[in-house]
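>>> My questions are about this predicted structure, shown below with the sequence.
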Amino acid sequence: MKKKVLIKKASRFVRKSLENAEGGHDWLHVKRVLRNARMIMKKKKADKTIVYLGLIFHDLADPKFNHGDKEKGIKLTRAFFEETGVKEKTARKVINIVQNISYNGGFQVAKKLSGELKIARDADRLDAMGAIGIARAFHFGGYSGRKIYDPGIKPVKYHSEQEYRENNNPTINHFHEKLLRLRKQMNSRVAKKIARKRHKFLEDFLQQFKRELKGKS
Ligand code: ADP
Ligand code: NI
């Protein structure tokens with residue numbers, strides 16, 4: 001199958017599957033990260049098809065929304081590739097992205113990352129920063145029943161992936177627990193540059209948030 005046709009087919013399949021997805025992890029999120037990846041790959045050589053397919057499938061069955069099931073998304077991705085007759089080598093590279101893209105509280109095992117995985121991670125993580133990142137965090141917070149903020153609950157340092165996943169802390173804490181850490185984790189130059197601006201926006205937002213809590217203008 002031609003690469004273009006394959007990407008179209010995969011997009012159609014995932015778009016349909018994400019019809020009822022939570023607003024921060026829906027098809028529009030996928031579209032934004034694909035655009036981020038395109039920007040990064042203008043300056044960085046990589047197998048574009050692998051990056052695009054990895055991102056198309058990366059949130060197909062996010063464990064967060066599937067009772068922690070890490071296998072579901074991989075099974076669905078594999079099934080799609082079998083049905084479309086994609087080469088095993090390609091399928092394996094794409095699944096490597098799906099399996100390893102997640103931040104997971106920063107507990108992912110350190111191992112050699114492929115160039116394609118690095119780009120996919122940058123693209124996905126940029127969407128957790130800046131104005132869109134703020135919107136997604138509060139949307140997810142509401143969706144999962146979190147408070148906006150709670151002066152009695154301070155940000156914490158998690159000691160395991162499970163602890164990170166199982167906490168129900170206020171959304172504002174998530175800025176300290178994850179979002180503000182993303183800037184330093186970017187791999188490509190393009191992503192680092194965009195992350196700098198989006199990080200600043202997160203800091204400005206938090207500063208104003210604190211001001212207003214104190215009753216200031
Ligand atoms: P990943 O899927 O890469 O491991 P996360 O699951 O931590 O990343 O989160 C993806 C996005 O979902 C975050 O960038 C944020 O917008 C939202 N999100 C996840 N966990 C929380 C949380 N505890 N509070 C608020 N938003 C969250
Ligand atoms: Ni994502």
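Alright, I've got the coordinates. Ligands and ions are numbered 1, 2, ... in the order given.
>>> what does the protein put close to ligand 1?
Residues of the chain lying close to ligand 1 by Cβ under 6 Å from any ligand atom are 24, 64, 102-104, 128, 136-137, 140-141, 146, 171, 174, 178. Quick note: C-beta positions are derived from backbone N, CA and C, even for glycine.
>>> now, among these, which is nearest to Leu6?
Ser102 (23.8 Å; Cβ to Cβ).
>>> Near the residue lying closest to that closest one once chain neighbours are set aside, how many residues? Count them for me, please.
Once flanking residues are discounted, Ser102 sits nearest to Gln108: 7.0 Å by Cβ to Cβ, 6 or more residues apart in numbering. If you count neighbours by other Cβ atoms under 10 Å, Gln108 ends up with 15.
>>> so Gln108 makes contact with Asn100?
Yes: Gln108 is within contact range of Asn100, at 6.5 Å (criterion: Cβ atoms under 8 Å).
>>> Pull out the buried residues from the residues of the chain next to ligand 1.
Among these, those classed as buried by 16 or more other Cβ atoms under 10 Å are 24, 102-104, 128, 136-137, 140-141, 146, 171, 174, 178.
>>> Could I get these in CSV, plus columns for distance to ligand 2, pLDDT and secondary structure?
Formatted as CSV, those follow (distance: Cβ to the ion, whole Å; pLDDT from 0 to 100; DSSP: H, G, I helix; E, B strand; the rest coil):
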residue, distance to ligand 2, pLDDT, secondary structure
Gly24, 8, 96, coil
Ser102, 8, 91, coil
Tyr103, 9, 87, coil
Asn104, 12, 81, helix
Ala128, 8, 98, coil
Arg136, 9, 98, helix
Ala137, 13, 98, helix
Phe140, 11, 97, helix
Gly141, 16, 97, helix
Arg146, 19, 97, coil
Thr171, 17, 98, helix
His174, 15, 97, helix
Lys178, 13, 95, coil
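>>> does His25 count as helix, strand or coil?
Under DSSP: H, G, I helix; E, B strand; the rest coil, His25 falls in the coil class.
>>> For it, which non-adjacent residue is spatially closest?
That would be Asp59: by Cβ to Cβ, 6+ apart, it lies 4.8 Å from His25.
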